[in-house]
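# Next one to model:
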Amino acid sequence: MRARSTGGTIGVVTLVLAALLGSAYALGRSMVPEPPRQPTGASAQVDGAQYAEQPADPAAPQARPDGTGTPAAGVDPDAAQPAGGGDGPFGSHASTGSGEVALTFDDGPDPTYTPQVLEVLRAYGVKATFCVVGENAQDHPDLLRAIVADGHTLCNHSWHHDVLLGKRSPDLIRADLIRTNDAIHAAVPDARISYFRQPGGAWTYPVVSVAEGLGMTPLHWTVDPNDWQVPGAAKITATVTGDTGPGAIVLMHDAGGDRQGTVDALRRILPDLTSRFRLEALPVGGAN
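Coordinates of the predicted model:
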């Protein structure tokens with residue numbers, strides 16, 4: 001009887017230990033964070049590069065000048081900013097400096113949306129400024145030629161929409177900007193490239209300095225309808241028509257994702273803006 005009792009006691013102890021070990025394992029698993037879920041929807045996987053969806057430096061403020069004095073993405077609002085020739089962050093230009101309004105289109109050229117944007121601008125006799133990505137310029141030289149043939153101004157927007165370009169060494173920044181200019185000139189050899197726009201508006205002193213050293217004016221913006229977030233034509237239209245005033249530089253996109261909403265909004269925006277302002281491409285010689 002004693003041996004049977006001892007065996008029963010050992011069995012109970014074994015079961016208790018197994019239960020405790022199982023609970024400890026489950027508790028340990030619950031404390032390990034799950035891997036991040038892959039994004040779904042339009043920004044997860046669509047045809048073509050998703051330049052505009054690239055986030056700026058996550059440690060940097062995400063606001064930008066919109067006429068209310070909010071800081072630019074990538075700019076510490078408490079840090080002293082170097083003096084420059086413009087009214088934007090780090091001496092970039094955030095207005096035309098006159099009563100004229102400038103429309104700008106980023107991230108192209110794109111074979112689906114750039115021709116539509118050109119068609120609408122042509123219908124209203126409006127000239128604009130196109131900030132082109134180097135690899136897209138290389139892939140679509142015919143569209144670059146169409147942009148220039150219509151009298152629009154060109155702007156360098158880096159080779160691959162590198163949001164962190166301003167944090168790289170001056171040599172790497174310079175190589176990126178020259179590579180982009182070379183791709184543009186391969187399509188339109190005589191075109192002037194008078195502007196550079198930093199992707200994400202993440203300006204730094206080195207990127208401004210290098211751009212100016214290459215003869216390009218650092219170009220920021222005044223009005224941003226966040227059309228890269230695909231808010232719909234109605235919201236894009238309301239923001240642009242409501243926020244644009246004399247001297248505004250308006251930021252929109254003709255590439256980097258689904259830009260049909262921007263094209264549709266442009267058809268509503270132009271009748272309003274042309275009735276109130278003179279719309280012109282930024283001067284080929286750069287901003288004053």
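# remind me which residues of this protein are low pLDDT?
1-85, 287-288 (pLDDT under 70).
# which residues in it form strands?
102-106, 129-132, 153-156, 193-196, 217-218, 249-253 (DSSP state E).
# Pull up the pairing partners for the fourth one, direction included.
Just to be clear, that refers to strand 193-196. Strand pairing for strand 193-196, using DSSP bridges, gives strand 153-156 (parallel), strand 217-218 (parallel).
# contacting residues around Asp106?
Tyr51, Ala52, Cys131, His157, Arg197, Leu251, Met252, His253, Asp254, Ala255, Gly256 (Cβ atoms under 8 Å, 6 or more residues apart in numbering). In this view, the C-beta of every residue, glycine as well, is placed from N, C-alpha and C.
# Let's see if you can find the most crowded of the residues you listed.
Tallying neighbours with other Cβ atoms under 10 Å puts Ala255 at the head of these, with 32 neighbours.
# wait, doesn't that one sit right on Thr114?
Yes - counting by Cβ atoms under 8 Å, Ala255 touches Thr114, with 6.7 Å between them.
# Mind listing the shared neighbours of these two?
With Cβ under 8 Å, 6+ apart as the test, Ala255 and Thr114 both reach Gly108.
# which residues in this structure form helices?
For the chain, the helices defined by DSSP state H occupy 2-31, 114-124, 134-139, 141-149, 170-187, 205-213, 233-243, 260-276.
# Among these, which comes closest to Gly91?
helix 205-213 (5.6 Å; Cβ to Cβ).
# List the buried residues of the closest one.
Pro206, Val207, Val208, Ser209, Val210, Ala211, Glu212 (16 or more other Cβ atoms under 10 Å).
# For that helix, which helices and strands make contact with it?
helix 170-187, strand 217-218 (3 or more Cβ pairs under 8 Å, 6 or more residues apart in numbering; DSSP states H and E).
# In CSV, list the C-alpha atoms belonging to the first one.
Going back to what we said before, that points to helix 170-187. Extracted in CSV, the C-alpha atoms of helix 170-187 (Å, rounded to 0.1, in the frame of the first residue of the first chain):
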residue,chain,number,x,y,z
PRO,A,170,27.4,66.2,-49.5
ASP,A,171,29.2,64.0,-52.0
LEU,A,172,26.3,61.5,-52.2
ILE,A,173,23.8,64.3,-52.4
ARG,A,174,25.7,65.9,-55.2
ALA,A,175,26.0,62.6,-57.1
ASP,A,176,22.3,61.9,-56.8
LEU,A,177,21.3,65.4,-58.1
ILE,A,178,23.8,65.2,-61.0
ARG,A,179,22.6,61.7,-61.9
THR,A,180,19.0,63.0,-62.1
ASN,A,181,20.0,66.1,-64.1
ASP,A,182,21.9,63.9,-66.5
ALA,A,183,18.9,61.7,-67.0
ILE,A,184,16.8,64.8,-67.8
HIS,A,185,19.3,66.1,-70.2
ALA,A,186,19.6,62.8,-72.0
ALA,A,187,15.9,63.4,-73.0
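# same for that helix, what does it pack against?
Where contact means 3+ Cβ pairs under 8 Å, 6+ apart, helix 170-187 is packed against helix 134-139, helix 141-149, strand 153-156, strand 193-196, helix 205-213.
# quick one on the thing from earlier: please identify which of the contacts of Asp106 is nearest to Gly86.
Nearest to Gly86 among the contacts of Asp106, with distances taken as Cβ to Cβ, is Arg197, at 12.1 Å.
# Spit out the contact partners of the closest one.
Arg197 makes contacts with Thr104, Asp106, Cys131, Cys155, Asn156, His157, Pro218, Leu219, His220, as judged by Cβ under 8 Å, 6+ apart.
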